Every structure is written in structure tokens, then in C-alpha cells.
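Novice: Using only what follows, build the 3D model:
(chains A and B)
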Amino acid sequence: MEALHNLAFGFEHALTIHNLLYCALGCAVGTFVGLLPGLGPLATISLLLPLTYSMDTTGALIMLAGIYYGAQYGDSVSAITMKIPHASSIVACIDGYAMTLKGQTGLALFTAGFSSFIGGTVAIVVLTFLAPSLGEVAFLFGPADYCALMLLGFVCVSFVTTGSLLNGLAMCLVGVLLGQIGTDVNSGLQRYTMDLPFLADGVGLVSIALGCFGIAEITKNLDERKERSPFNGTIKLMPTWTEFKRIWPSALRGSVIGSFLGILPGGGPAIAQFAAYAADKKMSKYKHEIGTGCIEGVAGQAAADEAASRTSFIPLMSIGIPENPVMALMMAAFIIKGIQPGPNMIAGHPELFWGLVASMWIGGCFLLVLNVPLVRYLLSIFKIPYNVLFPAILFFCCIGTYSVNNSIDDIYITAVFGILGFAFMRLKLDASPLMLGFILGPMLEENFRRALLISRGSFGVFVSRPISGTLLGLIAAFVVWQVAAFVLAARKRRNSPEAEVAPPLADAH
Amino acid sequence: MKADHHQTFSPRESLTGRILFMIDKNLARGIFIVLLALLFGVPAVLHYPIGNFARGGPGLFPTMVSCILGVIGVAMVIRSRFIRPEPLELNLKNIGIIASLVAFALVSEHVNMIVGIVLMVFIAALAGTNYSWWRNVKVSAMLVLFAFGFARLLGLNLPLY
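Specialist: Residues are numbered from 1 along each chain as shown, chains lettered A, B, ... in the order given. Just a heads-up that it's a prediction; the model follows:
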């Protein structure tokens, strides 16, 4: 009953005219920008973050959340209609695009929109009941446990987002090192600032995000050089009753899978989609059709996507540790607004927490009511040639970086990170783990030093505490498994006659 | 052995024969990571007090992290010896985009932001697939309009003129 009372309290805050407006605006703008080629949720949020600086706290966070799931939805729209996925909607390309090829774009879009709504609703129920109780668990965490949890997050995110533990982990650590730039909190010493005054506070988060995602994405899109044929078919949105009945089971299955995977460290939309799609392939009544463009293939993954994107707020708001790069960005937005996410947030700012939860459901309604019918107009954005679009994106990057501190110096930093992001992209290093490392880096250092201070320099504390011991054990098992898999694969390749070991570099000239 | 080489190039390059020499992407990645580790690790060891584990100084944590990063970089280099090399593609024209950012910042600082926006559009367009000065004028006009909108409606403090 208390949960219902809390939710009612949340709706009271979310249903004010201002907050409704912010929510609708966030959803619409997020969808619109998320549709742009090369802009996934991470880039969209960092691009639009400056818009919220002049708003009140609750409104700003409601709008940011709206931007997030709007971008997520926009992403799946561009995947379904154009087969242009970003990090978050690779699965939508498979069956969604196959449905477009069959001329069922409208049906696919409706299925995605409606399943997202179901997924969001299920996730909010989970959020309402789980977040407060998980917050109490967070009080059991000591500094060593926080360290272990963050490390586990690094390992999981590295593996999930890049598929290669080595590359992802390297990017996390580069992020941690970038987070070291600035004044050391304990001693007041300036590290890596090169005596530049504007680096004393550290590198701006928006500079890194826009440099590594916004600008690097532009260079990638310019390289592709293929014309994006604009989608110009007619859309029939409403499904028939038999089609409608097929959405339900998959969407519910996806919602449950997504809600669960969203909570785990390193989890989130990307992995939830794959899991839901795999589950549909195994369990659905129409599993023989999956892959050829059927409703189930779209419904399950869309629901999982949306559910996971909402339940991934749980670790952020109840423990204070973001578990994927997008949440790390959200955490930065909370901190910019003067709110420290963590176990005390629900008690300290109930109107913010419950208002946000309620607004997520309202946002789901907006997505369904506004965006599903409006999507055909939104798609006209694909008719804008990229040569017009990319100077505009650059302009937004500049204004975004500038308006954080009203400082031109930040634009130079963005340019430096643009070069770095370009290098990362050429070297096939995914920059999103870097974001997580950058935001968790200072926290990791603080907790690490505190844990060792308490234990008087003994590393035993990381193993002897039950929580951190278990988490570190998981990491160790995972690393061992990865190394073993690599060695086995290498040995198999060497033994098989036709697949030769790669020729040495000198030979390839 | 000969046939094997051809498989390492993507079809596009092998057709146009554009690549005369090849930098192995996997190797370059490892070296890049090692360089980053050195960039952060060397100053940490040389300039910042390390302290001991019980009372860590400001240099302790960066030193440890750069060491781990260095190990990962070396592991990448070793790994690149065991897998197929991939060519590294660089399109240096894209650096024009970075140049346009720097130009925007310089001009906005010393003249004003409107000139900065126009200049940025014209420099950035050099990196585009085709170039049209009339389109650049239209895009600049639109963006200046946006900038005024941001300044007036959202209250951003832009040094427009």
C-alpha cells in the first residue's frame, strides 16, 4: 500500500503543467535527435544536456529522462525504417527492417511503440517496489565493496558494449585516468593540469562526451559516403486484431527479461534486447517466422529495450553507482543539479524520485500517443542531406560545450577530445566504456584510498569482506574464462590446416 | 600465403588498390594504449608523491591504473601477433572538422560568435562529400538564427556580437 501511496505522491508532482510540458518536450526532442544518423542516446543526452541548465531540478531531470527514452525510441525507428542502428538498437534491424522490406513499416513501428509502452509499465512496477528496498542494501556497502562493485561494472560494461574484454577494459581505464585530471581532493595537488587554470576543476564531462561521440560520429558518417535513401512509403499504423494479439506474449516476456537485465551491473538495453530476442526464438509460438520479419521479433526486443532502460535507473538511484555509460551521464546530470544519487536520495528528495518514476510512465504515454502517429513527419529528417546536417550538429556541440561554464576554453578541450575520439574510432575502440570510467574514476579512487586507510594498507580487506569478496570472485572467474576462451580458440585455429596463423606484418607490405 | 594476404583486405581496398602499405590496426591499438599509459604513468611516478598504501599520496592511484593499462596495452600487442592483421584506414580530411571547431573558438573569443559560426560552417564543409558555397550561406544563416533563439528564448549567455 505504501508503494501506491508513494506513486500517487509522485503523480502529484509529475502532473503539474510544467513537468508535463518538460516530459513531452523531452520525449519529442529526444525522438527527433535520436533519429539523426549517428546519434544514439549517449550523444543525444550530452547534446541536449545544456538545454536543461536553466530549469528547476525536478523538471530538468524529468526532461532528461524523457530525452533518454525518446532517443531510445527514435533509435529503434531509424533501425526499423532505415537499418541505421546505433549502439542501442541493433536487434531492431533484424526483424524490424525485414518488416519494412515487406511493406509493413507501420505495423513494425506500432508494434515497437506499443511494446515499449508495455515494457515501460512493467519496469515502473519493478522500480516502485525494488528501488527503496535496494537502497537499504546499499547501507551495508563499505568502501571496499563500492570498489569491487565499480570494478565489476567495468568488466561487465567492457564485455557487453565492445565484445572484447581487453579493448573495453582499456577504455574504462583511460576514462579513469582522464578523471584524474584536476585537483586531488585529499592533498589539493593539481594533477595533469599542465598549469592551465581551466583544467583545475577537471575536464568537463560534456567536452568528453561531445568530443568522443558527437564529433567522432560525424567523421564516421562522412566516411561512409553512401546515400541514405529516404523512406517514402505510406504507413498504415493500426494493426488488425489478430496482429494485435500477437504482440502481447512477446512484449510481456521481453518486459520481464529487460527489467531483470536492466538492474545488473553492465546490463542495460543492449544486452536486454539480445536476450529477449533469443528468448523469443526459443519460446515464441511463431518462432519459425523470427528473422524473416514478424511481429514477435520486434515486440520482444522493443519491450526489453524500454524496460531495461528504465530499470537501469535502480542501481543509480538506490546505490549511487551507475551501471552503464548512459546512466553515468545521467548521474553527471544529477550532480550538475546538486543532487547526489545514492541511498539517501529517495529519503532526501522524495518528490524528485517519485516524480521521476511517475513521469516515466507519463513519458511512455507521450511516446505512444504523440510519436507513433507523428513518426511519418519525423522521418522527413532523413530527407535533409548530411552535408547540411553535420555543420548543424557541430554547431550544437559548440554551443553545448560553451554554455556549461560560458567558457570558450571548453571548446578547445572538446576539439582535443574530438581528435582522441577520432583516433579511438579508427582503432576500433568503443568510447562508451570510457564515459563510465571517467565518471566512476574519482569515486573509485576515493573509495580505494579510504578502504586502504581503514585497513592500514592491507589488501586483505577486499577479499575478506563478504560483498567485495564475492564480487571480486565473479570478476576473477570472468577473466579466467575469457583468457581460456582466447587460448582455446587460438589453439584450434593453429591446429586446423586451412586457416593459417596471421602472416607477420613485414610480409604484408 | 599469397591468397591469404588478399583476404586480409576488405574488398573495396583490394579492388582500388589504394593501400600500398598497411598499418596493422590491432598492433596500432596496443601501442596507442601503451603510449596513453606512459603519458599518465610517467608524470605520476616522477612528480606526484606516491605515499604508501595506508596513506596513499596523489600519485598512488594514477600509477596503479597506468600500470594496469600498460599491461593491457602490452597484452593487446601480444594478441595482435596471433590474429589476422587488419588495415588501419585514416581519412585525414576529417581533421577539417576539428580545425573548424578551433577556428570557431578562436574567432568567438577575439571577434564574435556570429563570425565564428559562419567560419565554422565554411571550414567544416570542406570535409563534406561535396561543396557548395550557396548551401553554406543558407546553413550559416539558419544556425545564426538558432543561436539568437538560444540566447533570447533559453537565456544562454552567448557572445553573439
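Novice: Please identify the buried residues of the helix or strand containing B:Lys138?
Specialist: If you go by DSSP states H and E, B:Lys138 is part of helix B:133-153. Neighbour-count burial for helix B:133-153, counted by 16 or more other C-beta atoms under 10 Å in any protein chain shown, picks out B:Arg135, B:Asn136, B:Val139, B:Ser140, B:Met142, B:Leu143, B:Val144, B:Ala147, B:Phe150, B:Ala151. Every residue, glycine included, has its C-beta placed from N, CA and C.
Novice: What of stretch A:176-194?
Specialist: Burial within stretch A:176-194, assessed by neighbour count using 16+ other C-beta under 10 Å, is assigned to A:176-184, A:186, A:190-193.
Novice: returning to that earlier point: what's next to the helix holding B:Lys138, contact-wise?
Specialist: A:387-388, A:391-392, A:395, A:399, A:403, B:113-114, B:117-118, B:121-122, B:125, B:156-158, B:160 (C-beta atoms under 8 Å, 6 or more residues apart in numbering or on different chains).
Novice: Which of those residues fall in helices?
Specialist: Members of those lying in helices (criterion: DSSP state H): A:387-388, A:391-392, A:395, A:399, A:403, B:113-114, B:117-118, B:121-122, B:125.
Novice: among the buried residues of stretch A:176-194, which two are most distant?
Specialist: Pairwise distances across the buried residues of stretch A:176-194 peak at 18.8 Å for A:Leu178 and A:Asn186 (criterion: C-beta to C-beta).
Novice: A strand includes A:Met55, no?
Specialist: No - judged by DSSP: H, G, I helix; E, B strand; the rest coil, A:Met55 forms no part of a strand; its state is coil.
Novice: Low-confidence stretches in the chain?
Specialist: Just so you know, I chose chain A. A:1, A:37-38, A:83-90, A:161-163, A:224-237, A:266-267, A:371-372, A:379, A:381-382, A:496-509 (pLDDT under 70).
Novice: that answer is for a different chain, and I need it for chain B
Specialist: By pLDDT under 70, the low-scoring segments of chain B are B:1-21, B:154.
Novice: Domain map for it?
Specialist: For chain B, automatic domain parsing gives the domain ranges B:2-80, B:92-153.
Novice: any idea how far A:Gly469 is from B:Pro85?
Specialist: B:Pro85 sits at a distance of 41 Å from A:Gly469 (criterion: C-beta to C-beta, to the nearest Å).
Novice: Of the two, which one has the most company?
Specialist: Taking neighbours as other C-beta atoms under 10 Å in any protein chain shown, B:Pro85 and A:Gly469 compare with B:Pro85 leading, 22 against 16.
Novice: quick one, phi psi at the closest residue to that one other than its chain neighbours?
Specialist: Setting aside the residues directly before and after it, B:Pro85 is nearest to B:Asp24 in space (C-beta to C-beta, 6 or more residues apart in numbering or on different chains), at 3.8 Å. Dihedral angles of B:Asp24 (phi, psi; degrees, to the nearest 10) stand at phi -70, psi 120.
Novice: Could you do A:Arg191 as well?
Specialist: According to degrees, to the nearest 10, A:Arg191 has phi -110, psi 140.
Novice: Can you name the residues that contact it?
Specialist: Neighbouring residues of A:Arg191 by C-beta under 8 Å, 6+ apart: A:Gln180, A:Ile181, A:Gly182, A:Thr183, A:Asp184, B:Ala44, B:Tyr48, B:Pro58, B:Pro62.
Novice: For my notes, confirm A:Thr193 occurs in a helix.
Specialist: No - A:Thr193 is assigned coil when assessed by three-state DSSP, not a helix.
Novice: and the gap between A:Thr219 and A:Cys212?
Specialist: Distance check for A:Thr219 against A:Cys212: by C-beta to C-beta, it reads 11 Å.
Novice: A:Leu47 too?
Specialist: Distance from A:Leu47 to A:Cys212, counting by C-beta to C-beta: 13 Å.
Novice: And the two? Which one has more around it.
Specialist: Neighbours per residue (other C-beta under 10 Å) separate A:Leu47 from A:Cys212, with A:Cys212 holding more: 29 against 25.
Novice: got the contact list for that one?
Specialist: Contacts of A:Cys212 were listed using C-beta under 8 Å, 6+ apart, and they are A:Phe417, A:Gly418, A:Leu420, A:Gly421, A:Phe424, A:Ala431, A:Leu434, A:Met435.
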